[in-house]
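S.K.: Provided below are the primary sequence and the corresponding predicted coordinates.
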Amino acid sequence: MRTLPRGPNVFAGPYLDRLAHLRKDEVWLRKAAAGPDALVVPVWQSKSLVRRTETGLVAVYLAANDGVPGDTPDGDLVLLGRHEDAVYFARELTDPAAVVERTGGRFEDLRLAGAMLDARQAGVLAYARALLYWRSRHRFCGACGAPSFCLP
């Protein structure tokens, strides 16, 4: 049997410090989300926001303190983690029109766009998509009934 060569899996790298110890710290979450280094990774129908450039695709992040336009199912920001000086949050959109208009980007399926992205960007987008997908199917904690992974 012949095996195919495999490249690195860009969707599974250690791109973010996930800050697990801070996920339930509401004061820290609110402060981080309001800070100048907070970025939002918008997701719409499991698609990621990207923009075409001369060199390929780039992920489009939104400044959290700028306000994220568009309707969201519940308004929640979901903590992804920190990379260098930025804190990343994910947000599921129900209407992408305002975000697309503001950024000039478009929402694309990550399975198709991922190979054209920088590995770190592809990893961050994949984590945002996966966490929002999981969260949409597990809205409440099975042990205590509290909402899962939300920023109230």
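M.R.: It's in.
S.K.: Run through the neighbouring helices and strands of the longest helix seen in the chain.
M.R.: Assignment by DSSP state H gives helix 119-137 as the longest helix of the chain. Using 3 or more C-beta pairs under 8 Å, 6 or more residues apart in numbering; DSSP states H and E, the elements in contact with helix 119-137 are strand 38-44, strand 47-53, strand 56-59, strand 78-83, strand 86-93, helix 110-113. Glycine gets a C-beta too; all of them are placed from N, C-alpha and C.
S.K.: Out of the ones you listed, which gets nearest to residue 121?
M.R.: Of all the helices and strands packed on helix 119-137, it is strand 56-59 that lies closest to residue 121, at 3.9 Å by C-beta to C-beta.
S.K.: mind checking how far that closest one is from the chain centre?
M.R.: 15 Å (C-alpha atoms, centre = their mean, to the nearest Å).
S.K.: Contacts for that strand next, please.
M.R.: 41, 48-51, 108, 113, 116-118, 121-122, 124-125 (C-beta atoms under 8 Å, 6 or more residues apart in numbering).
S.K.: Pull up the pairing partners for that strand, direction included.
M.R.: Here strand 56-59 is paired, per DSSP bridges, with strand 47-53 (antiparallel).
S.K.: what mean pLDDT does the strand it pairs with have?
M.R.: For strand 47-53, the mean pLDDT works out to 96.
S.K.: can you list the residues that contact that strand?
M.R.: So strand 47-53 is contacted by 41-43, 57-60, 96, 99-100, 103-110, 113, 117, 125, 128-129 (C-beta under 8 Å, 6+ apart).
S.K.: out of those, which are buried?
M.R.: Those of the contacts of strand 47-53 that meet the buried threshold are 41-43, 57, 59-60, 96, 99-100, 103, 105-108, 110, 113, 117, 125, 128-129, by 16 or more other C-beta atoms under 10 Å.
S.K.: Check what pLDDT the nearest residue to residue 62 once chain neighbours are set aside gets.
M.R.: Closest residue to residue 62 apart from its sequence neighbours, by C-beta to C-beta, 6 or more residues apart in numbering: residue 40 at 4.4 Å. At residue 40, the model reports a pLDDT of 95.
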